[in-house]
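Q: Next one to model:
(4 chains)
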Amino acid sequence: MARVLMFGVLQDLAGWRTREIDTTSLSALTDLLMTEDAVLGERLSRPGVFAVVNQTMVRTDVILAPDDEVAFVPPVSGG
Amino acid sequence: MARVLMFGVLQDLAGWRTREIDTTSLSALTDLLMTEDAVLGERLSRPGVFAVVNQTMVRTDVILAPDDEVAFVPPVSGG
Amino acid sequence: MVRLEDTPIDPGALLAEFVRNRGDAGAVVNFTGLTRDATSGQPVSRLTLDAYPGWTEKVMAELEAETRARFDVIDVLAVHRWGVVEVGQPIVFVAVAAVHRRSAFEAADFLMDQLKTHAPFWKKEDGPDGSRWIEARPEDHADAARWIQPE
Amino acid sequence: MVRLEDTPIDPGALLAEFVRNRGDAGAVVNFTGLTRDATSGQPVSRLTLDAYPGWTEKVMAELEAETRARFDVIDVLAVHRWGVVEVGQPIVFVAVAAVHRRSAFEAADFLMDQLKTHAPFWKKEDGPDGSRWIEARPEDHADAARWIQPE
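A: Numbering: from 1, shown residues only, chains lettered A, B, ... in the order given. Just a heads-up that it's a prediction; the model follows:
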């Protein structure tokens, strides 16, 4: 079970911030989320939306172990 | 009697900050100060040393009326 | 040092502490960002800043380290709010101490540009027409691009 | 606003007051100048700043007005000490409020360069070898020259 987090507009679209999801890879997780929710899925596939696995931004697929933390983050707007 | 003020290093060289001096023009005042004190006089003639008459910097000779205030100021070093 | 705060931040107290006993530094430059009552002409009643505690501080610390590496500075502090921030309240406080003021100005300017475009914060504005999520402005990206050095 | 102070200035209190109720401004940039314990490798035990009360404020106000005319800013404050200033103590505090941070940074930077090269202050440093009067450094004049616009 990976711990999945949504931030900013993604949390509003998903309707949740944190879920435990049974998955084996980032691509499998993303496919599952897109199938579940097309609106969220479209947003996740936009440029500037990234996955952060165990607090490191990733740009390729990665294997997910149980207890891994996967966050989906939209473009930032600090300060 | 003009009120004459010295600032910064000029005050240290002159040994005074304020004096009342009987004079009719800035050039006459400067000549008097140079005659009185050659070391101060040399410093007053250096580039970057200016006269401020009634709180306005002057670069030419001016007539001085009684109650005029004349300050001699060296190059600044603020903040 | 970087700090992520979920309660109001006090720029006066932060600056007072930062300038204390700084016989080594001649120059302290501070930037304080405040919630504005309008963006692009739209009224804003309050702001909500989302953050990712843990990762947000990690990225802020990387940006601080890059600032220290690029500029000749003595100390750097970056404090960022998250949560609900009322209009007129501080969102971010950055301070840089240096021997000379040019380095202090440049380092504070650089760090703010980096925070605006890279620090993990997500901003939602509440106004009369509801809420909307904001992204960094084109000007923010242009500001940040000023610092890109040729390879 | 400009102020000439003959008693210690408190940057924290000045910033707290300056940022209060600023729903109109998104950005406040502050510069605080402090007495350093050394200049060009020479130890400094304390500093004496001479000023010409009346004329000094008049010139400071002219420099403030020039800053407001050149940059898109909401508010400007410049507070300058004179008299004896111990090492590590503040000499000058400048704050600028603006809608966007670029204007605030540039205006504060500009005003400091002008104060350093044009404000009527004369600085004497006391050290182990006695006292010496200081003039603006060549770097200060170079910094100020950055702002000269072609006619």
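
Q: Just the CA trace of the lengthiest helix in chain A, in PDB.
A: The residue-count maximum for a helix in chain A (DSSP state H) belongs to helix A:26-36. The C-alpha trace of helix A:26-36 is given here as PDB (Å, rounded to 0.1, in the frame of the first residue of the first chain):
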ATOM      1  CA  LEU A  26       4.000   5.000 -10.400                       C
ATOM      2  CA  SER A  27       2.600   4.300 -13.900                       C
ATOM      3  CA  ALA A  28       0.100   1.700 -12.500                       C
ATOM      4  CA  LEU A  29      -0.900   4.200  -9.800                       C
ATOM      5  CA  THR A  30      -1.500   7.000 -12.300                       C
ATOM      6  CA  ASP A  31      -3.500   4.700 -14.600                       C
ATOM      7  CA  LEU A  32      -5.700   3.700 -11.700                       C
ATOM      8  CA  LEU A  33      -6.300   7.300 -10.700                       C
ATOM      9  CA  MET A  34      -7.100   8.300 -14.300                       C
ATOM     10  CA  THR A  35      -9.600   5.400 -14.700                       C
ATOM     11  CA  GLU A  36     -11.300   6.200 -11.400                       C
END
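
Q: so how far is that helix from its chain's centroid?
A: 9 Å (CA atoms, centre = their mean, to the nearest Å).

Q: For that helix, name the packing helices and strands.
A: For helix A:26-36, the elements it packs on are strand A:2-6, helix A:38-44, strand A:50-53, judged by 3 or more CB pairs under 8 Å, 6 or more residues apart in numbering or on different chains; DSSP states H and E. The way it works is simple: take the backbone N, C-alpha and C, and place the C-beta from them, glycine included.

Q: List the buried residues in it.
A: When burial is assessed from 16 or more other CB atoms under 10 Å in any protein chain shown, helix A:26-36 yields the following buried residues: A:26, A:28-30, A:33.

Q: quick one: least confident helix or strand in chain C?
A: When the helices and strands of chain C are scored by mean pLDDT, DSSP states H and E, strand C:38-39 comes last with a mean of 80.

Q: what residue ranges in chain C score low on pLDDT?
A: Scanning chain C for pLDDT under 70 picks out the ranges C:150-151.

Q: which stretches of it form strands?
A: Ranges of strands in chain C, per DSSP state E, are C:2-5, C:27-34, C:38-39, C:42-43, C:46-51, C:75-81, C:83-86, C:90-98, C:121-127, C:130-134.

Q: Neighbours of C:S40, how many?
A: When neighbours are defined as other CB atoms under 10 Å in any protein chain shown, C:S40 has 7 of them.

Q: and of the buried residues of helix A:26-36, the nearest to chain B?
A: When those are ranked by distance to chain B (CB to the nearest CB), A:L26 comes first, at 54.1 Å.

Q: how close does that closest one get to chain C?
A: Distance of A:L26 to chain C, given as CB to the nearest CB, to the nearest Å: 16 Å.

Q: Check that residue and give its pLDDT.
A: If you check A:L26, the pLDDT there is 96.

Q: what does the one 5 residues further on give?
A: Confidence per residue is given as pLDDT, and for A:D31 that number is 95.

Q: Given the least confident helix or strand of chain C, what are its sheet partners and their directions?
A: Each strand paired with strand C:38-39, and its direction, by DSSP bridges: strand C:42-43 (antiparallel).

Q: Show me what the residue nearest to C:H100 when sequence neighbours are not counted is bridged to.
A: Spatial nearest neighbour of C:H100, excluding adjacent residues (CB to CB, 6 or more residues apart in numbering or on different chains): C:A27 at 6.0 Å. Applying DSSP bridges to C:A27 gives these bridge partners: C:A98, D:G33.

Q: Determine the number of other residues adjacent to C:A27.
A: By other CB under 10 Å, the residues close to C:A27 number 25.

Q: For D:D109, see how far away it is.
A: From C:A27 across to D:D109, the span is 11 Å (CB to CB, to the nearest Å).

Q: Quick check: neighbours shared by those two?
A: Both C:A27 and D:D109 are in contact with D:F31, where contact means CB atoms under 8 Å, 6 or more residues apart in numbering or on different chains.

Q: near chain B, which residues of chain A show up?
A: Counting by CB under 8 Å from any CB of the partner chain, no residue of chain A lies close to chain B.

Q: still on that earlier bit, now do the contacts for the residue nearest to C:H100.
A: Contact analysis of C:A27 by CB under 8 Å, 6+ apart lists C:97-101, C:103-104, D:31-34.

Q: Show the buried residues in those.
A: In terms of neighbour count (16+ other CB under 10 Å), the buried residues within those are C:97-101, C:103-104, D:31-34.
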